[in-house]
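[1] Build me a structure from this.
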Amino acid sequence: MSARKVEAELAVRHPRETTALFGHRDAEAALLAAYRSGRMAHAWLIGGPQGIGKATLAYRMARFVLTHRDPSSPAVRAATSLHVEPDDHVARLIASEAHGGLLTLERSANDKGVLRTVITVDETRETISFFGSTAAVEGWRVCIVDTVDELNPNAANALLKILEEPPQQSLFLLVSHAPARVLATIKSRCRRLALRALSTDDVISAAAEATGMAAGDPALRDAARASEGSVARTLMLMGGDGLQLQSRTTALLASLPRIDPGELHALGDALGTSDRVALASFLDSIERWVAERLRTSDPNAELPRLARLAEVWEKIVRAARDTESYNLERKPLVFSVFGMLAEATR
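    Presented below is the predicted three-dimensional model:
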């Protein structure tokens with residue numbers, strides 16, 4: 001679940017509106033050096049945990065390239081970062097989604113106003129007309145895919161085709177929460193940039209910047225300390241009873257494969273029926289628990305169990321999307337999730 005789903009509750013700024021970058025100085029330096037060299041890779045896969053600033057870095061790079069179109073210009077040579085002032089003409093156009101040189105592929109709403117669960121092939125094919133047109137903007141054109149994990153199979157293949165024969169002065173910035181799972185054919189055409197979780201201080205600063213809250217706010221600092229370096233997770237935990245839900249879910253996960261029906265009923269009640277922040281916090285706790293077991297287990301000794309766990313996680317993701325899309329009761333989801341996890345861990 002993305003922190004952007006709680007924007008309404010916390011008035012969170014979108015990455016296209018955020019010019020500040022916290023952490024990731026080495027990654028920023030790598031992008032700047034590549035652009036300055038005049039031998040810029042046409043596609044970059046920016047990977048790392050959710051909510052650490054990958055999209056913010058992608059927009060920061062897009063802003064810089066579209067502001068400084070000549071890599072050999074004195075301004076680029078003198079630059080020490082990718083920063084562009086918020087009141088710059090290009091920055092204002094990007095923030096308002098009005099720059100003709102930038103195309104963003106992300107999940108959109110369907111005809112009923114419900115956010116789709118994937119990026120569709122029709123949306124991805126927009127890249128063909130975008131890079132093929134000549135009237136809108138001269139020079140560099142940038143496409144941000146946020147995230148490449150959410151491309152459906154046909155959309156991924158459509159993106160691959162244009163990556164195989166990239167137009168001149170094209171730049172693709174592909175954001176991924178799970179780069180290891182991106183199609184190998186797409187990865188092979190990208191330069192990879194791995195981002196790490198942020199320090200607690202950087203999380204606090206980034207969350208304060210995104211929400212307009214004071215960096216010293218106790219609730220913000222408590223959530224940041226529990227976030228494991230993720231601004232998105234901080235925002236989730238700040239919404240409603242996020243910290244309490246995380247603690248309750250973590251305790252139930254620790255008791256697996258044993259299940260306490262009474263505690264599951266209580267957790268289902270705590271999730272309510274329409275609280276998107278609570279559902280996001282619950283699923284985030286589950287995802288971290290699954291990821292930790294997949295990361296720390298010996299694949300040679302426990303391959304069958306790990307395969308079952310990975311398969312269960314895919315089922316959980318699908319069930320959660322259906323629950324949110326159709327505004328279904330949360331309690332059946334809680335029982336289903338823990339039932340599958342208990343079976344997979346026996």
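[2] drop to CA atoms for contacts and neighbour counts, all remaining ones
    Noted.
[3] Would you confirm that residue 64 contacts residue 81?
    No - here residue 64 does not reach residue 81: they are 9.2 Å apart, not a contact under C-alpha atoms under 8 Å.
[4] More neighbours: these two, which one.
    Between residue 64 and residue 81, counted using other C-alpha atoms under 10 Å, residue 64 has the larger neighbour count: 21 against 17.
[5] contacting residues for that one?
    82-84 (C-alpha atoms under 8 Å, 6 or more residues apart in numbering).
[6] neighbour-wise, which of those residues leads?
    residue 82 (21 neighbours).
[7] Just put the contacts of residue 64 in a markdown table and tack on pLDDT and secondary structure.
    Formatted as a markdown table, the contacts of residue 64 follow (pLDDT from 0 to 100; DSSP: H, G, I helix; E, B strand; the rest coil):
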| residue | pLDDT | secondary structure |
| --- | --- | --- |
| 82 | 98 | coil |
| 83 | 97 | coil |
| 84 | 97 | coil |
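[8] and the helix or strand harbouring residue 92, which residues are buried?
    Using DSSP states H and E, residue 92 maps to helix 89-95. Buried positions in helix 89-95, judged by neighbour count with 16 or more other C-alpha atoms under 10 Å: 90-95.
[9] average model confidence for it?
    The predicted model assigns helix 89-95 a mean pLDDT of 97.
[10] Low-confidence bits of the stretch 101-250 of the chain, can you list those?
    133-137, 239-240 (pLDDT under 70).
[11] circling back to that earlier point, using TSV, lay out the buried residues of helix 89-95 together with distance to residue 216.
    Compiled in TSV, the buried residues of helix 89-95 are given as follows (distance: C-alpha to C-alpha, whole Å):
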residue	distance to residue 216
90	32
91	29
92	29
93	32
94	30
95	27
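[12] Quick check: next helix or strand after the helix holding residue 92?
    Defined by DSSP H and E, the subsequent element after helix 89-95 is strand 102-105.
[13] what distance separates that next one from the centre of its chain?
    15 Å (C-alpha atoms, centre = their mean, to the nearest Å).
[14] Output the contacting helices and strands for that strand.
    strand 141-146 (3 or more C-alpha pairs under 8 Å, 6 or more residues apart in numbering; DSSP states H and E).
[15] contacts for the strand it packs on?
    By C-alpha under 8 Å, 6+ apart, strand 141-146 touches 55, 58-59, 62, 66, 101-106, 127, 131, 169-176.
[16] what about dumping the CA coordinates of that strand to CSV?
    This file holds the C-alpha atoms of strand 141-146, laid out as CSV (Å, rounded to 0.1, in the frame of the first residue of the first chain):
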residue,chain,number,x,y,z
ARG,A,141,11.9,13.9,-23.2
VAL,A,142,11.6,12.1,-19.9
CYS,A,143,9.3,9.3,-18.9
ILE,A,144,8.8,8.3,-15.2
VAL,A,145,7.2,4.9,-14.5
ASP,A,146,6.0,4.9,-10.9
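[17] which is the next helix or strand following it?
    helix 153-164.
[18] now that following helix and strand 141-146, what's the angle there?
    150 degrees (axes from the mean of the first three to the mean of the last three C-alpha atoms, to 10 degrees).
[19] Could you name the helices and strands sitting against helix 153-164?
    Checked by 3+ C-alpha pairs under 8 Å, 6+ apart, helix 153-164 has helix 121-124, helix 126-132, helix 184-187 packed alongside it.
[20] Measure how far it is from the centre of its chain, please.
    Centroid separation for helix 153-164 versus its chain: 20 Å, with C-alpha atoms, centre = their mean.
[21] Which positions within that helix qualify as buried?
    The neighbour-count check on helix 153-164 (16+ other C-alpha under 10 Å) flags 155-160, 163 as buried.
[22] For residue 251, state which of the residues you listed is nearest.
    Nearest to residue 251 out of the buried residues of helix 153-164 is residue 156 (C-alpha to C-alpha; 37.9 Å).
[23] Contacts only, for the closest one.
    With contact set as C-alpha under 8 Å, 6+ apart, residue 156 has these partners: 121, 148, 183.
[24] thinking again about what came up before, the helix holding residue 92 - contacts with which helices or strands?
    For helix 89-95, the packing partners by 3+ C-alpha pairs under 8 Å, 6+ apart are helix 54-67.
[25] returning to that earlier point: just name the closest of the buried residues of helix 89-95 to residue 219, please.
    Using C-alpha to C-alpha, the buried residues of helix 89-95 come closest to residue 219 at residue 95, 28.4 Å.
[26] What distance do you get for the closest residue to the closest one other than its chain neighbours to residue 193?
    Leaving aside its chain neighbours, residue 95 sits nearest to residue 17 (4.8 Å; criterion: C-alpha to C-alpha, 6 or more residues apart in numbering). Residue 17 sits at a distance of 22 Å from residue 193 (criterion: C-alpha to C-alpha, to the nearest Å).
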